[in-house]
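Undergrad: need coordinates for the following:
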Amino acid sequence: MSSLFSGAYFQMHLAIFIWGFTGVLGKLIQLNETPLVWYRIMIASLFMWLFFYKTKVQKVAKKDLFNLSLQGVILALHWLAFYGAIKYANVSITLCCMASSAFFASLLEPIYFRRKLNGIEILLGTVVIFGIFQIFYSPVNQELINEYSLGIILGIIAAFLSAWVTVLSKKYSSQYNGYTLTFYQIFTGFIIFSFFVPFHMYENGIQAWLPTFTDWIYLLIMGIVCTVIACSLALNSLQHLSSYTVTLNINLEPVYGIILAFLIFKENEHFNYRFYIGAAIIITALMLHALYISQQKIQKIDQEKRAI
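TA: Numbers count the residues shown, from 1 in each chain. I've put the predicted structure just below:
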């Protein structure tokens, strides 16, 4: 059990706890999802360039630039879908949808790393889906499901994109540190995303792109703490953990975020006992997976000792 509290697990869970605040910040910021995401990655790119580029960011081989750029685009699209879901639904429903990312990871990881499907991973991912189902139907007023349908669809898309970028990042986590992957993902995402900014400004007006003073405070927290620091911690943990392990544990982000939404926005008034059952199912699945990983490591050490 001590391995559960190792450096990699600690970094992963600290990142997840920080990410739990992003949904709340997205709700508090008055901008819509497009300028919100652009400001977030702009702030994160600038911060990394000023403080980490010369000391923490490694040189990247030219052959890897395209794939890292692709990850940046997927990450930006994930945030766009995520904050769009919050704007069209609410924090709780969006974060519940995000918990399905583990199920997507259990299918994507074997494809990218050319290994067999892991029955345990699919089983636990399915259990998490069942937990989401319980939460999904926990609103006291069932009409909210129809009202928030677009937000629910965007939340599921965000979950798929989150799993996809995590799997892609795993491939390069052994070559580059978390700061390097974070910088290139965010910076390339910012450059590509910026090409579409003038079109959005033309359609919606420049007024839609002007943050308030309070928005700037929330955006700085989101860009520096919730993006640079949290992403670097999560990507560093991928050097020692599988992308499925990280993605499955990211399901704690909805739990943290929903609790915060309950406290700040009083969203618990819209839910019944099924939310608590669903959250308990998700947490149980995470604990079972952590125990499963620990047993695998113990067996691997025993096999290596016997081989010697």
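
Undergrad: which ones are touching S106?
TA: L117, N118, E121, I122, L124, G125, Y244 (Cβ atoms under 8 Å, 6 or more residues apart in numbering). (Each C-beta comes from the backbone N, C-alpha and C, glycine too.)

Undergrad: now for the fourth one: which residues touch it?
TA: By Cβ under 8 Å, 6+ apart, the residues touching I122 are F103, S106, L107.

Undergrad: and it, what element?
TA: Secondary structure from DSSP states H and E places I122 in helix 119-136.

Undergrad: now the most centrally placed residue in the chain. Nearest residue, chain neighbours left out?
TA: With distances taken as Cα atoms, centre = their mean, the residue of the chain nearest its centroid is S162 (5.5 Å). In this structure, S162 finds its nearest non-sequential neighbour in S101, 4.6 Å apart by Cβ to Cβ, 6 or more residues apart in numbering.

Undergrad: distance check, the one you found against F47.
TA: For S101, the distance to F47 (Cβ to Cβ, to the nearest Å) stands at 26 Å.

Undergrad: what's the answer for C226, then?
TA: Applying Cβ to Cβ to C226 and F47 gives a distance of 12 Å.

Undergrad: sorry, back to before: the contacts of S106, buried ones only, as a PyMOL selection?
TA: Of the contacts of S106, the buried ones can be selected in PyMOL as follows, counting by 16 or more other Cβ atoms under 10 Å:
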select buried, resi 118+121+122+124+125+244
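
Undergrad: pLDDT score assigned to the residue lying closest to S100 once chain neighbours are set aside?
TA: Among residues not flanking S100 along the chain, A159 sits closest, at 4.5 Å (Cβ to Cβ, 6+ apart). pLDDT for A159: 90.

Undergrad: so where's the longest helix in the protein?
TA: Assignment by DSSP state H gives helix 273-307 as the longest helix of the chain.

Undergrad: could you give the average pLDDT over that one?
TA: Computed over helix 273-307, the average pLDDT equals 74.

Undergrad: stretch 20-30 now?
TA: 89.

Undergrad: and it, how far out from the chain middle?
TA: 14 Å (Cα atoms, centre = their mean, to the nearest Å).

Undergrad: cool, and stretch 59-71?
TA: 21 Å.

Undergrad: go on, stretch 279-286?
TA: On Cα atoms, centre = their mean, the centre of stretch 279-286 falls 18 Å from the chain's centre.

Undergrad: in that stretch, what counts as buried?
TA: In stretch 279-286, counting by 16+ other Cβ under 10 Å, buried: A279, I281, I282, A285, L286.

Undergrad: now stretch 149-169
TA: Neighbour counts over stretch 149-169 (16+ other Cβ under 10 Å) mark 151-169 as buried.

Undergrad: dump the C-alpha coordinates for it into PDB.
TA: The C-alpha trace of stretch 149-169 is given here as PDB (Å, rounded to 0.1, in the frame of the first residue of the first chain):
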ATOM      1  CA  SER A 149     -28.500  18.000 -23.400                       C
ATOM      2  CA  LEU A 150     -26.000  20.000 -25.400                       C
ATOM      3  CA  GLY A 151     -23.800  20.400 -22.400                       C
ATOM      4  CA  ILE A 152     -23.900  16.600 -21.800                       C
ATOM      5  CA  ILE A 153     -22.800  15.900 -25.400                       C
ATOM      6  CA  LEU A 154     -20.000  18.400 -25.100                       C
ATOM      7  CA  GLY A 155     -18.900  16.900 -21.800                       C
ATOM      8  CA  ILE A 156     -18.700  13.400 -23.300                       C
ATOM      9  CA  ILE A 157     -16.700  14.800 -26.300                       C
ATOM     10  CA  ALA A 158     -14.300  16.500 -23.700                       C
ATOM     11  CA  ALA A 159     -13.900  13.200 -21.900                       C
ATOM     12  CA  PHE A 160     -12.900  11.400 -25.100                       C
ATOM     13  CA  LEU A 161     -10.400  14.100 -26.100                       C
ATOM     14  CA  SER A 162      -8.900  14.100 -22.600                       C
ATOM     15  CA  ALA A 163      -8.300  10.300 -22.800                       C
ATOM     16  CA  TRP A 164      -6.900  10.700 -26.300                       C
ATOM     17  CA  VAL A 165      -4.300  13.400 -25.300                       C
ATOM     18  CA  THR A 166      -3.300  11.400 -22.200                       C
ATOM     19  CA  VAL A 167      -2.600   8.300 -24.300                       C
ATOM     20  CA  LEU A 168      -0.600  10.300 -26.800                       C
ATOM     21  CA  SER A 169       1.400  12.000 -24.000                       C
END
